[in-house]
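Novice: Just need the structure, nothing else, for what follows:
(2 chains)
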Amino acid sequence: MAHSLDPQGAAVTASEIAPEGPLRTADGQPLARALARSQARARRQAFLLVLPLLLFVLITFVVPIGQMLQRSVKNDGFSANMPQISAWFAENPPGTEPDAAAWQALALDLQAAAEARSIGVVGTRINYDMPGTRSLFTSAGRQVRRGIEPPYREKLLEMDEDWADPQLWSVMRQASTPYTANFYLAAMDMTRDEAGNIVRVEEQQRVYLMLFMRTLWLSLLITFTTFVLGFPVAHLLATLPMRKSNLLMILVLLPFWTSLLVRTTAWMVLLQQQGVINDVFVWLGIINDSQRLQMIYNQTGTIIAMTHILLPFMILPLYSVMRTINPSYVRAARSLGATSWTAFRRIYFPQTLPGLGAGALLVFILAVGYYITPALVGGSSGQLISNLIAMHMTRTLNWSMAAALAAMLLGGVLILYWLYDRLVGIDNLKLG
Amino acid sequence: MALPKYASTTERIWHYTYLVLCGAIFFFLIAPIVVVIPLSFNAEPYFTFTDEMLAFDPEGYSLRWYDSLLTFGMANPDAPRDGSWWADAWANAKWIKAAKSSVIIGVFSTILATCLGTLAALGLSRPEMPYRRAIMAVLISPMIVPIIITATGMFFFYSNPCELLTWFGLSPQCGKLAGTYLGVILAHATLGIPFVIITVTATLVGFDQSLNRAAASLGANPRRTFFRITMPLILPGVISGALFAFVTSFDEVVAVLFIAGPDQQTIPRQMWNGIREQISPAILAVATLLVIFSIALLTTVELLRRRSEKLRGITPH
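Specialist: Numbers count the residues shown, from 1 in each chain, chains lettered A, B, ... in the order given. The predicted structure is shown next:
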């Protein structure tokens, strides 16, 4: 530490030496400049401490997400492997009937792709936009691998009449550039028709918007149930003497520290048809042995398990705000004639709003992105948007679609995160 | 919370209803975790209490599921239980291998996250730090962004980490991080960092900066000041942060599913497979062990928190 630059010490020295003119430090520099330099150095030092971690997070977290976003608009499966037909599409405006040159380009590209064994990639890319066409490409690839002679159009149509389908040509035109917004359109249950106009997909194929709505609705419901269950508990913890409330706090913190998979497993065990809860109901005579409740592998299972898992995230912020509420306000209200309900509604509840906002936002943010619990206890009706992303990543291998859905979810979460930072401040995020 | 003397009958009834309600909610919070423990000693392969168990008949209880944790995957599970049997279990039993992977990944990712995170927290809690809020938001975001999105991004990045350099016009060749211990450790360190940042910055809020100035004025250089003054005072917070990071890694399954190879079979991944394929009470035995583990962690963190408050001169309640 350079003590000569210590602003306070310097000021004293300077005022002793030079009582007139601008203040100077011991070594004769103007004080303002010395101060600015020392502050800049302090800023640099602070920044250097943060820099390694910032770089680490940028490389291992921000860049991967950037790559994912890039993948949601970029898919060169067709354009990179079918160069000639892609060039033809670039030269001719939309709506041009495929001419002899187009058929030749298509046939030669198919042959080249079949030889390079990339025909599957091409077919998969077209299949994303027009389901059922992958085999069209792979079977054509098998037949043209040995070579194909003119007339190309007739030869291809002989293999399969679908090659003349205007819809197929429209889809190939869209795939002929590496960048496309089609995956975002598909994520909103929309597609392009033959003329390239954006239209909604058929009724029975609309899944994504429904899943987004379901995710929103279930997250809201779970946020509400955590509020209903968390509010009284947080209030009790905040008003009990510290010794007792610390003991009861363990009951909140233990689930918080317990593995997510353990808690999900516990609910699977409890909610099963042959599980403990149904057994208790049968034993109490509430239900018959033959009519055991189906409480798992549906939305009920998702809601119960997620409420339990996210409840501590509601209780903890509520508790820390309620601790600071002065009880004499409520007493004053009562002494002025308010009923206990009025005192609660008009005096106590408004003071808990900061904690309620923090807890509700946090629970909602965590709920919209939940994956593990819905995947294990949700069945098919309790799946959320995250599960669909995972399905596209691991089963259908439509990674661009997964990336587009993930980008939309990410956008929503980031808006909520920004809101959380504005309203609560991330500094106030507390754990336990 | 005592009821005042002037409370009316309605208020009394309401008060006791409220207490019962709170009791029920506490029961809801804790019961699922507690129920798992006795069920893991079930002698039958059921997920409910058998009549023998309810009658506290010793016949109804057994350690068979704990035993199956050891024997599952062993080369010779039926051999006599001597030294070589235990060696076999140590080398081949799937759950033991999973525990080893989990510990390796957990320890190294925790060290990485704690070192980088503590340094950054020190910088972030200095008043001179520029762009503090924005940088903090970026560093906390791995906790907020849904894990499925993080895992998706990591899947693309880790399978070809050099793709990044192609943006700059380079085309280097390098191996992939997916399927390696290093990849999973880096991923888990990223996920654990927010917890370290939050706990350590919270500890530093109560840290008296004049202690550092005092050390400096007495002639200590910055490094000595850090290790002799700052570090001992913030150590409880750092250890809590490290425990959070460790738990995050120890409990993480989605990133492991996406980027780990067959060698990095961790406990959560093994549990995930067990639950998805055929759930057996052996899962409950693992769950019980993990619950005991979390009780131990919770106790440690609570003790550390009290110690930290004492060190910082905040009177414990």
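
Novice: For stretch A:69-82, what is the distance to the chain centroid?
Specialist: 23 Å (C-alpha atoms, centre = their mean, to the nearest Å).

Novice: Now it - C-alpha only, CSV.
Specialist: The C-alpha trace of stretch A:69-82 is given here as CSV (Å, rounded to 0.1, in the frame of the first residue of the first chain):
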residue,chain,number,x,y,z
LEU,A,69,-28.5,-19.6,-29.5
GLN,A,70,-26.5,-19.7,-32.7
ARG,A,71,-27.6,-23.3,-33.3
SER,A,72,-31.2,-22.3,-32.9
VAL,A,73,-31.0,-20.1,-36.1
LYS,A,74,-28.3,-22.0,-37.9
ASN,A,75,-28.6,-25.5,-39.4
ASP,A,76,-26.5,-26.2,-42.5
GLY,A,77,-27.4,-29.9,-42.8
PHE,A,78,-28.9,-29.2,-46.2
SER,A,79,-27.1,-26.2,-47.5
ALA,A,80,-23.6,-27.6,-46.8
ASN,A,81,-24.2,-31.0,-48.3
MET,A,82,-26.4,-30.0,-51.3
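
Novice: what about that stretch and chain B, touching?
Specialist: Yes: under the criterion of C-beta under 8 Å from any C-beta of the partner chain, chain B is reached by stretch A:69-82 at A:R71. Backbone N, C-alpha and C define where each C-beta goes, glycine included.

Novice: I would like the residues contacting that stretch, please.
Specialist: A:86, A:106, A:109-110, A:113, A:116, A:118-119, A:121-122, A:124-126, A:128, A:172, A:175-181, A:183-184, A:399-400, A:403-404, A:406-407, B:156 (C-beta atoms under 8 Å, 6 or more residues apart in numbering or on different chains).

Novice: and if we set it to 7 Å?
Specialist: A:86, A:109, A:113, A:118, A:121-122, A:124-126, A:172, A:175-181, A:183, A:399-400, A:403-404, A:407, B:156 (C-beta atoms under 7 Å, 6 or more residues apart in numbering or on different chains).

Novice: Which members of these are positioned in helices?
Specialist: Judged by DSSP state H, helices contain the following of the contacts of stretch A:69-82: A:86, A:109, A:113, A:121-122, A:124-126, A:172, A:175, A:183, A:399-400, A:403-404, A:407, B:156.

Novice: Please see if stretch B:127-145 touches chain A.
Specialist: Yes: residues of stretch B:127-145 are located near chain A by C-beta under 7 Å from any C-beta of the partner chain, namely B:128-130, B:135-140, B:142, B:144-145.

Novice: and that stretch, which residues are buried?
Specialist: Neighbour-count burial for stretch B:127-145, with 16 or more other C-beta atoms under 10 Å in any protein chain shown as criterion, is recorded at B:128-129, B:132, B:135-137, B:139-145.

Novice: related to what we said a few turns ago, what subset of the contacts of stretch A:69-82 is buried?
Specialist: A:86, A:109, A:113, A:118, A:121-122, A:124-126, A:172, A:175-176, A:180, A:183, A:399-400, A:403-404, A:407, B:156.

Novice: what about residue 116, how many neighbours?
Specialist: Just going to use chain A. A:A116 has 10 neighbours, counted by other C-beta atoms under 10 Å in any protein chain shown.

Novice: other chain: chain B
Specialist: The tally of other residues near B:L116 (other C-beta under 10 Å) stands at 22.

Novice: Up against chain B, what does the stretch 301-432 of chain A have?
Specialist: Within the stretch 301-432 of chain A, the positions near chain B by C-beta under 7 Å from any C-beta are A:308, A:311, A:340, A:365, A:369, A:371-372, A:376, A:386, A:389-390, A:393, A:402-403, A:406, A:409-410, A:413, A:417, A:421, A:426, A:429-432.

Novice: for the one helix or strand B:L233 maps to, packing partners?
Specialist: In the assignment (DSSP states H and E), B:L233 maps to helix B:231-251. With contacts taken as 3 or more C-beta pairs under 7 Å, 6 or more residues apart in numbering or on different chains; DSSP states H and E, helix B:231-251 sits against helix B:94-124, helix B:181-205, helix B:281-311.

Novice: and the ones you listed, which is most packed in?
Specialist: Greatest average neighbour count among the helices and strands packed on helix B:231-251 goes to helix B:181-205 (a mean of 25), per mean count of other C-beta atoms under 10 Å in any protein chain shown.

Novice: Any idea how far that one is from the middle of the chain?
Specialist: 11 Å.

Novice: which is the next helix or strand following that helix?
Specialist: Next along the chain after helix B:181-205, taking DSSP H and E as the criterion, comes helix B:209-217.
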